[in-house]
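K.L.:
Following is a predicted model, sequence given first.
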Amino acid sequence: MERTIADNIEKSVFTTSKPDSLTHPCVVAFNKTQAASFRHGSNSQFKLDEIGILYNLRDPAIQFEARVMAFSDLYDVMIFELLSGEFPNSPRASEPMFSGQAYTQLSISPDRQPCWKSGITSQRQGLFSIGTAHRKLGDSGSGIFSVDGYFLGIAIGKNNPCSNDLQNMPVGEIADHHPDSRMICSQVILFFSGFISPANDYVPT
């Protein structure tokens, strides 16, 4: 990914917590007026139409009031919409996620710094995808982007092996195993934000 694209994406990331908080729930602007985040944990306290403040990752002085316009516990996604104004930065556009696709992932480290990693979309599971990037603390809600900077979705959970899988794995594979990232595709986010009609093939059922 080019530095200018990465810089624009970093400026499109916000948190729902103040800069001096112990945790920094990630929120990603995916267009000029809307942003997506995960729904579990601390974010589950938000109610529909509740107003919160989004703090920019790179420059906490940049703050926006936004309301919760939609959420889904099933898909672990929440959509914020600005009450006024526009985000100064956002991805160039959104596009579908597909198996075998290379992606970059931007999360927030515990000390509130941008954290980049890359992976491959290894498989699709309905409207979810599994990515190969190592999952770490602070990954929930992190933005998933193509190498060209298009918004692909957000990371929402992880995929761990069950005990039976571990018993049947070769020793070398167990040693190398890591929890993969679970991602929700941009089509689900666009549906809940009102940009995809119910007739679209990608929408939740």
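P.N.:
Here it is on my side, so go on.
K.L.:
beta partners of the spatially most central residue of the chain?
P.N.:
Nearest to the mean C-alpha position of the chain, counting by C-alpha atoms, centre = their mean, stands residue 154 at 2.3 Å. Counting by DSSP bridges, residue 154 is bridged to residue 143, residue 184.
K.L.:
can I see the domain layout of this protein?
P.N.:
As given by automatic domain parsing, the domain ranges for the chain are 3-82, 102-187.
K.L.:
Go through those and find the least confident stretch.
P.N.:
Mean pLDDT values for the domains of the chain show the minimum at domain 102-187, a mean of 73.
K.L.:
give me phi/psi at the nearest residue to residue 50 once chain neighbours are set aside?
P.N.:
Spatially, and ignoring its direct neighbours in sequence, residue 50 is nearest to residue 68 (5.1 Å; C-beta to C-beta, 6 or more residues apart in numbering). Any C-beta I mention is one placed from the backbone N, CA and C, and that applies to glycine too. Backbone torsions for residue 68, taken as degrees, to the nearest 10, come to phi -80, psi 110.
K.L.:
so who does residue 68 touch?
P.N.:
46-50, 52, 78-80 (C-beta atoms under 8 Å, 6 or more residues apart in numbering).
K.L.:
Out of those residues, the closest to residue 105 would be?
P.N.:
residue 78 (18.6 Å; C-beta to C-beta).
K.L.:
Pretty sure that closest one sits against residue 66.
P.N.:
No: Residue 78 is beyond contact range of residue 66, at 10.6 Å (criterion: C-beta atoms under 8 Å).
K.L.:
More neighbours: those two, which one.
P.N.:
For residue 78 versus residue 66, neighbours defined as other C-beta atoms under 10 Å are more numerous around residue 78 (28 against 25).
K.L.:
and the domains of the chain as JSON lines, adding distance to residue 93?
P.N.:
Shown next, in JSON lines, are those (distance: least, C-beta to C-beta, whole Å):
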{"stretch": "domain 3-82", "distance to residue 93": "9"}
{"stretch": "domain 102-187", "distance to residue 93": "6"}
